[in-house]
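Q: Let me see the structure of the following:
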Amino acid sequence: AHKAMQLIRVWAKNGNVNVVHYLRILGAELAVLNGKKGKAKESFNAAISASSRNGFLQDRALAHELTSAYFKAQGDEFWRNYHIECSRTSYQEWGCSEKVEQLYVRCKDVKE
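A: Have a look, this model is predicted:
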């Protein structure tokens, strides 16, 4: 993961805005693994913002989905539900109805 992040960081530094959100997603997941809750939340939010700003619907959906899983693990149902709904909406906007259905099945307890 560290090598991938280094490579993506170089691309971003060279002006490739198409990879910034990937860097933030990887940073968030790494922060989760290292128990850095504040850094994880900050990086997940940055990933969502960067993917939204640069028009990557599928990656915004993924970032929301991963953020939802993070909050579920933390026992925070409010933010878990918020992010899973945002993920469903983003996947739907992207046209990926199968993924939306998968999320409904996997997260039956989350109401619309």
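Q: can you tell me which helix or strand the residue nearest the centre of the chain belongs to?
A: With distances taken as CA atoms, centre = their mean, the residue of the chain nearest its centroid is A63 (1.1 Å). Taking DSSP states H and E as the definition, A63 sits inside helix 57-74.
Q: List the buried residues for that helix?
A: Using 16 or more other CB atoms under 10 Å as the test for burial, helix 57-74 gives 57, 59-72. From N, CA and C alone the C-beta is placed, and that goes for glycine too.
Q: per-residue confidence at the residue of the chain positioned farthest from its centre?
A: What lies farthest from the middle of the chain is N14; by CA atoms, centre = their mean that is 23.4 Å. N14 is assigned a pLDDT of 95 by the prediction.
Q: go on, V17?
A: 88.
Q: Numbering from 435 from now on, please.
A: Sounds good: first residue 435 from here, last item V451.
Q: Next up, phi/psi of the residue farthest from the centre of the chain, please.
A: Note on N448: its backbone torsions stand at phi -80, psi 10 [degrees, to the nearest 10].
Q: do the same with C541
A: phi -120, psi 50.
Q: Contacts only, for it.
A: 502, 518 (CB atoms under 8 Å, 6 or more residues apart in numbering).
Q: again, only this time at 6 Å
A: I518 (CB atoms under 6 Å, 6 or more residues apart in numbering).
Q: burial of A438, as a residue count?
A: Counted with other CB atoms under 10 Å, residues neighbouring A438 total 11.
Q: any idea how far S521 is from it?
A: Using CB to CB, to the nearest Å, A438 is found at 23 Å from S521.
Q: Equivalent analysis for E499, please.
A: For E499 relative to S521 (CB to CB), the value is 4 Å.
Q: Equivalent analysis for G509, please.
A: Counting by CB to CB - G509 and S521 are separated by 19 Å.
Q: Who has more neighbours out of those two?
A: Neighbours were counted for G509 and for S521 using other CB under 10 Å; S521 has more, 25 against 7.
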